[in-house]
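**Q** Provide a 3D model corresponding to the input given below.
(one chain, ligands or ions: 1)
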Amino acid sequence: MAHQWRGVIREYADRLPVTEATKVITLGEGGTPLVHAQKLSELTGSTVYLKVEGMNPTGSFKDRGMTMAMTAAVEAGAKAVVCASTGNTSASAAAYATAAGLKCAVLVPEGKISMGKLSQAIAHGATLLQVDGNFDNCLDIARKLGDSYPVFLVNSVNPARIQGQKTGAFEIVDALGDAPDIHVLPVGNAGNISAYWKGYKEYSAPFESATAGTLPAVSTKTPAMWGFQAAGAAPFVAGHPITEPDTIATAIRIGNPASWDTAIAARDESGGFIEAVTDEEILDAHRWLSAKEGVFVEPGSAAGVAGLIKKHAAGEVPTGKTIVITVTGHGLKDPQWALRTEDGSEVQPVKVPNDVVTVASELGLEEN
Ligand SMILES: *Cc1c(COP(=O)(O)O)cnc(C)c1O
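**A** The predicted model follows:
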C-alpha cells in the first residue's frame, strides 16, 4: 500500500492542537534520520546517535514548528506573517508562507547572516529587512508588529512553534523504543530545548488527547537535557541576558532568549545543565562531524557535539548510556567553514592536467 510520510502534524495529530478539519500547511517536515555516530560512540563508551535535522525541507529543525505556526496563521485568517531570524527561521517561514499562500516579512540582524539562509528567504519571495541591531532587537520589533499590526508572529514565542518542535522527541522515542538517557542540543533562543523537554514529558505519561481520548505512556523515562551555548552568547551560563552576544555560530547568537523560563525548567526538572563551548570547540566539533561521522552541519549545530566532547574530556560523560544529540541545521547553509583549514587559510583544490598518469600519481596510486 502506498504510504508517504505526511509531515509532523498528520503523523502526530492526536498529540497536537489540531482536528480532522484543520487545513494543514506542510512541506513533509520531520521523519529525519537518527544516525548512529560511530566515532562519538567509540570515544565516549556510550551509544551516541545524531538526530539529523538538516534533512528537513528547508534544512533545519525550524520546519517542525513552522508547519504548526503557519497552519495556525491560516486558521486565524492571517494574510501576512512576520518573524525575526538569525537565518533559519526566515528560510522556513518564507517557504511555509509560500505553501500557505501568505505574505512573509522577515527581520534579520545586521551582518553575519549566512548566504544560504538569505538566499532561501529571497528565493521564496519574502520581504527581507535587515535591521540595524541584533537578533534580540529584531524579535522586539517583530513582537510589536504582531501585537499592533495585521501580521501574524511566527517566532517561537508563538506556542504553536513549540508544539510542532516537540515532535522531534517523539520521533526519537519511536525509533529507539524508549527515551535516551541523555539528550544534548545547542541552545540559542531556547525554544528547542523547551520543546524537546515538553515532548519527552508528554511521551512518558498518559496523555489527554483532544481528539483521541487518553493515550498511554510511550516511554518509561525522560532524559537529562544537556544544553550548550556559545561562550560569547551564553546568557543561561551568566544567569542574565547578554547585550552584545558574539559568536561565529550565528544560529545561536542570541543574548536574551525568549523561552527563558521553560528552558530553565527543562534543565532543572530533567536533572541536566546548560553550559558553554568556545567558537574553537564548535569548529572542532563541526570538523569532527563531517570528517569522522559523515554528517555535514552548520557551525551552530555542532555546539551539542562540542559540548559532549568537552564533557568527555573532563571525565563527565557516563559510559554504557544512550545519548542523542540534535544536530540542528544543514552544513550547506553556511559552507564557508568547511573551506577553512585549522590554521584559518582557505582550502584550494589541487590543479592537475587532463591526464590519467598525473592524476594517478597525484593520488599516490601505482598502476597494477
Ligand atoms: C534556531 C537554531 C538553533 C537554536 O535553537 P533555539 O530553539 O533558538 O534554542 C540552533 N541551531 C540552528 C541551526 C538553528 O536554526
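**Q** The nearest residue to residue 236 once chain neighbours are set aside: what secondary structure?
**A** Leaving aside its chain neighbours, residue 236 sits nearest to residue 274 (4.1 Å; criterion: Cβ to Cβ, 6 or more residues apart in numbering). Any C-beta I mention is one placed from the backbone N, CA and C, and that applies to glycine too. Each residue gets one of three states, and residue 274 gets strand by DSSP: H, G, I helix; E, B strand; the rest coil.
**Q** so what's residue 274 up against?
**A** Contacts for residue 274 were tallied using Cβ atoms under 8 Å, 6 or more residues apart in numbering; they are 187, 193, 226-229, 236-237, 263, 267.
**Q** between those residues, which is closest to the ligand?
**A** Using Cβ to the nearest ligand atom, the shortest approach to the ligand within the contacts of residue 274 belongs to residue 187, at 4.8 Å.
**Q** Assign a three-state SS to the closest residue to the closest one other than its chain neighbours, would you?
**A** For residue 187, the nearest residue in space outside its immediate sequence neighbours is residue 227; the separation is 3.9 Å by Cβ to Cβ, 6+ apart. Under three-state DSSP, residue 227 falls in the strand class.
**Q** re the thing from before, run through the contacts of residue 274 and flag the ones next to the ligand.
**A** By Cβ under 6 Å from any ligand atom, the members of those lying near the ligand are residue 187.
**Q** hang on, isn't residue 68 packed against residue 166?
**A** No - at 9.7 Å, residue 68 and residue 166 do not qualify as touching, with contact defined as Cβ atoms under 8 Å.
**Q** Compare those two (neighbour count), which wins?
**A** Each of residue 68 and residue 166 had its neighbours counted (other Cβ atoms under 10 Å), and the higher figure belongs to residue 68 (30 against 27).
**Q** does the more buried one sit in a helix or strand, and which one?
**A** Under the assignment given by DSSP states H and E, the secondary-structure element containing residue 68 is helix 62-75.
**Q** what does residue 308 give?
**A** With elements delineated by DSSP H and E, residue 308 resides in helix 303-313, which encompasses its position.
**Q** got it, and residue 4?
**A** With DSSP H and E as the criterion, the answer for residue 4 is that it lies in no helix or strand.
**Q** In space, what's closest to residue 206 - neighbours in sequence excluded?
**A** Closest residue to residue 206 in three dimensions, ignoring its sequence neighbours and counting by Cβ to Cβ, 6+ apart: residue 214, at 5.4 Å.
**Q** which ones are touching the residue positioned nearest the centre of the chain?
**A** Of all residues in the chain, the one closest to the mean position by Cα atoms, centre = their mean is residue 328, 3.0 Å from it. The neighbourhood of residue 328, defined by Cβ under 8 Å, 6+ apart, consists of 53-54, 60-61, 88, 185-186, 192, 251, 297-298, 300-301.
**Q** Among the residues you listed, find the one with the greatest number of neighbours, please.
**A** residue 301 (35 neighbours).
**Q** Is it in a helix, a strand, or coil?
**A** The assignment at residue 301 comes out as helix when based on three-state DSSP.
**Q** residues contacting it?
**A** Taking Cβ under 8 Å, 6+ apart, we find residue 301 in contact with 53-54, 186, 251, 286, 327-329.
**Q** same deal with residue 259?
**A** Residues in contact with residue 259 (Cβ under 8 Å, 6+ apart) are 156-157, 162, 189-191, 193-194.
**Q** so residue 321 makes contact with residue 46?
**A** Yes - look at residue 321 against residue 46 with Cβ under 8 Å: they come within range, at 4.4 Å.
**Q** More neighbours: which of these two?
**A** Between residue 321 and residue 46, counted using other Cβ under 10 Å, residue 46 has the larger neighbour count: 19 against 16.
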